[in-house]
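Chemist: got a predicted model here, sequence first, then my questions.
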Amino acid sequence: MPYKTLTPQVADAEAFAYGGEATVEAAPVLASRTRHQRVTFISQNHTNPVGGIQRASARLYNALQGQFDLARFDYAHLPLHLLRKASEWAVHPSRADASVVYCDATISGLIGTIAYGRTRNRIVATVHGLDMIAPLAPYQALVRRMLTRVDHLVCVSRATAEQASSRGADPTRITVVPNVAEEVPELPLRNAETFDRLEALTGFDLRNRKVLFSLGRPVVRKGFAHFIETTFPLFDDDYVYVVAGPRPTPPRWLRTARGLLSKERYKRLQIACGCHTCHDHLVTLASNHPRVIYLNNVSEEVRNLLYSIADVMVVPNQPVLGDMEGFGIVVLEASARGLPVVASRLEGITDAVTDGANGLLVDHDDPRAIHAAITSVVDQRRRTPELAQQIREFTYKTYSMERIATTYTEIFDHLFQEMAHERRLRL
């Protein structure tokens, strides 16, 4: 593995009792710079970040304030920005090599390499998963071109780095940097009042139940339906499985394309758009199983209530050709709240779950092993009240913004040093 990685590695998972201590080297404190080096962020939406990628990019931008001379441009504002820069470079060509361009996702990287590829700027792109491997041949041709043109590539997991390397990215210019654990508000206590409030909002009484909780878009790779069919029947009657996520709404053009494409091509397009869902199947399963609850478009209050009363977060992903879990941000959302995770040992999830520290990893195709892991975690959590605090502390130490920002700073500094060396050679 020639690329660098910031994610913690546990050499012997069996050496860790669940909830045991897992040490991670602390990141150095960011030191302010007296020199001002320009870093230009390209993002889909910095003004009103709503998605996980956009929020992560906005947080990184804020964390680097004072370290660099920062600028940022949303896709919508990019044409005007490029016209201004083109005129500036025409008058002052030396300014063309004065900055690092940071692209926060694959689409941003495509834009960045097209817009800045012929300048002396250095381009850094972060790739996440499906945004890079979406199974569309023309798109893949563009992605391969972008991966070979960026000066440094940040991958959110080792699985993403392997996919990037297989598409031509230089492994020596790849760094694995995980996603950041967002600061979360203090959750409601798990008490009678919390259960009352949840019942009032959802109509479900979960008192005296052992609650398994999954959260996310109901796409096939998440494995929710597969878990209900193959693993949940193994649990005793006091277990309840709650799945919550947005109701999928495919764009109109995608629905129109259904009648124009073969079944296989339409499936690939669904995967690329994040619309390869099992929503209807989940509705059927929940209606036929009294201990399965499927909720759509839940409010933030309901989501926090579910985090409070849940015993374990279940991440039962399954492999899907042309799709992947680049990291598994829901794992950090759960463990930042002290909720232990049992997840498939699959793709980028293995960088979000450190076995024995914030959860357990289990083979995705072994229902009995998944059942055994979940029941052991549920029992241990009820016997060990301090487990939640241990998980929170590990998560914020391992996936802190300070630690991630320090790594990006080192990457940018290295590229500025490269540019300075080239300028000296040209003199």
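Modeler: Done, it's in.
Chemist: just the strands in the stretch 1-150 of the chain please.
Modeler: Taking DSSP state E, counting those that start in this stretch as the criterion, the stretch 1-150 of the chain carries its strands at 4-5, 38-43, 69-74, 99-103, 122-127.
Chemist: any chance you could list what contacts the last one?
Modeler: By Cβ atoms under 8 Å, 6 or more residues apart in numbering, the residues outside strand 122-127 that reach it are 99-106, 108-109, 112-113, 116-117, 146-147, 149-156, 160, 164, 177, 326, 411-412, 415-416, 418-419. Heads up, the C-betas are built off the backbone N, CA and C, glycines and all.
Chemist: rerun that using 6 Å as the cut-off
Modeler: For strand 122-127, the external contacting residues (Cβ atoms under 6 Å, 6 or more residues apart in numbering) are 100-104, 106, 109, 112, 116, 150-155, 160, 164, 415.
Chemist: can you give the distance from that strand to the centre of its chain?
Modeler: Mean-position distance between strand 122-127 and its chain equals 17 Å (Cα atoms, centre = their mean, to the nearest Å).
Chemist: what of the third one?
Modeler: When distances are taken as Cα atoms, centre = their mean, strand 69-74 is centred 23 Å away from the chain's centroid.
Chemist: pull out the buried positions in it.
Modeler: Buried residues in strand 69-74, counting neighbours by 16 or more other Cβ atoms under 10 Å, are found at 70, 72, 73, 74.
Chemist: can I take it that residue 169 is in a strand?
Modeler: No: going by DSSP: H, G, I helix; E, B strand; the rest coil, the assignment for residue 169 is coil, not a strand.
Chemist: burial count for it?
Modeler: 27 (other Cβ atoms under 10 Å).
Chemist: identify the residue spatially nearest to it, adjacent ones excluded.
Modeler: residue 147 (4.2 Å; Cβ to Cβ, 6 or more residues apart in numbering).
Chemist: who's in contact with that neighbour?
Modeler: So residue 147 contacts 164, 167, 168, 169 (Cβ under 6 Å, 6+ apart).
Chemist: please tell me how far it sits from residue 168.
Modeler: Going from residue 147 to residue 168 by Cβ to Cβ, to the nearest Å gives 5 Å.
Chemist: same check on residue 270?
Modeler: Residue 270 is 26 Å from residue 168, where distance means Cβ to Cβ.
Chemist: can you pull the buried residues of the lengthiest helix in the chain?
Modeler: Ranked by number of residues, the top helix in the chain under DSSP state H is helix 401-426. Residues of helix 401-426 classed as buried: 401, 403-409, 411-412, 415-416, 419 (neighbour count, 16+ other Cβ under 10 Å).
Chemist: pLDDT wise, what is the residue nearest to residue 169 at?
Modeler: On the pLDDT scale, residue 147 is placed at 97.
Chemist: same check on residue 128?
Modeler: 95.
Chemist: that one reaches residue 155, doesn't it?
Modeler: No: using Cβ atoms under 6 Å as the test, residue 128 is too far from residue 155 to be in contact (8.2 Å).
Chemist: who has more neighbours, the two?
Modeler: Using other Cβ under 10 Å, the more surrounded residue of residue 128 and residue 155 is residue 155, with 30 against 25.
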